[in-house]
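Colleague: 3D model of this:
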Amino acid sequence: MSAPVHLPAPVGAAGTTLPAAPADTSGPTAAELLDFVRRTAVDSELVSSLPLDPEGRTWIRLEGPAGSEAWLIGWPPGTGTGWHDHGGSHGAFATAAGALREDSLAARLPTEGWKTLELAEGVDRERLLSAGDGRAFGRHHVHEVRNESEAEHAVSVHAYYPPLPMMRRYSRTGAVLRLEQVEQPEEWL
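Modeller: The predicted model follows:
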């Protein structure tokens, strides 16, 4: 495990208060969620049941373990999530078909009181998750995920605990990360 990376003070005006979900130790751990998404990703019958759209992502909500939220997601070529967090939930995802590229930040961002941050050097992480690969992440994870293929759909399984209370969406230009939007769960259904 790498040493924590400290971010410089926020740049710009303070934003509205965006509380993170409180830590919840009663549900599945990130490792248990990773086990679930890996097992689910090899369920060929379930994976093949996902309708794939050539232009936009598709998804089916799944029953996750011990009250977690889970999704089976189809990714057409060239699609992605943009930078986002999971509102204080921990989670995991695994690629069932194709490959996904994840860019993430190896830094813990403040959860409130900022609109723009300048990121320190060395906080960027990149990984390619091919079919069968998965990863778990903690409550403060910020990333973007995309299917870089020009011709092949990707399919993945995701799980979060506690169920997502919100997602914060960010834009990024160079080292500057800007909070753009806060989405509520009713916006995803």
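
Colleague: now the strands for the chain?
Modeller: For the chain, strands defined by DSSP state E occupy the ranges 58-63, 69-75, 83-84, 90-97, 99-105, 116-118, 124-130, 134-137, 143-146, 154-161, 167-173, 176-183.

Colleague: turn these into CSV, columns for mean pLDDT and distance to Arg38.
Modeller: Glycine gets a C-beta too; all of them are placed from N, C-alpha and C. Below are the strands of the chain laid out as CSV (pLDDT from 0 to 100; distance: least, C-beta to C-beta, whole Å):
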stretch, mean pLDDT, distance to Arg38
strand 58-63, 96, 14
strand 69-75, 98, 12
strand 83-84, 97, 22
strand 90-97, 98, 5
strand 99-105, 98, 14
strand 116-118, 94, 33
strand 124-130, 97, 11
strand 134-137, 98, 5
strand 143-146, 98, 16
strand 154-161, 98, 8
strand 167-173, 96, 23
strand 176-183, 95, 27
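
Colleague: can you tell me which of these is nearest to Leu50?
Modeller: When these are compared by C-beta to C-beta, strand 69-75 sits nearest Leu50, at 5.1 Å.

Colleague: what packs against that closest one?
Modeller: helix 30-41, strand 58-63, strand 154-161 (3 or more C-beta pairs under 8 Å, 6 or more residues apart in numbering; DSSP states H and E).

Colleague: so which bits of the last one are buried?
Modeller: Spelled out, that is strand 154-161. Ala154, Val155, Ser156, Val157, His158, Ala159, Tyr160, Tyr161 (16 or more other C-beta atoms under 10 Å).

Colleague: out of those, who's nearest Ala97?
Modeller: Val155 (4.2 Å).

Colleague: give me the distance between that closest one and Phe36.
Modeller: Distance, Val155 to Phe36, using C-beta to C-beta, to the nearest Å: 16 Å.

Colleague: burial of Ser104, as a residue count?
Modeller: Counted with other C-beta atoms under 10 Å, the neighbours of Ser104 add up to 18.

Colleague: who's in contact with the residue nearest to it when sequence neighbours are not counted?
Modeller: Among residues not flanking Ser104 along the chain, His143 sits closest, at 3.8 Å (C-beta to C-beta, 6 or more residues apart in numbering). His143 makes contact with Thr81, Trp83, His84, Glu102, Asp103, Ser104, Leu105, Phe137 under the criterion C-beta atoms under 8 Å, 6 or more residues apart in numbering.
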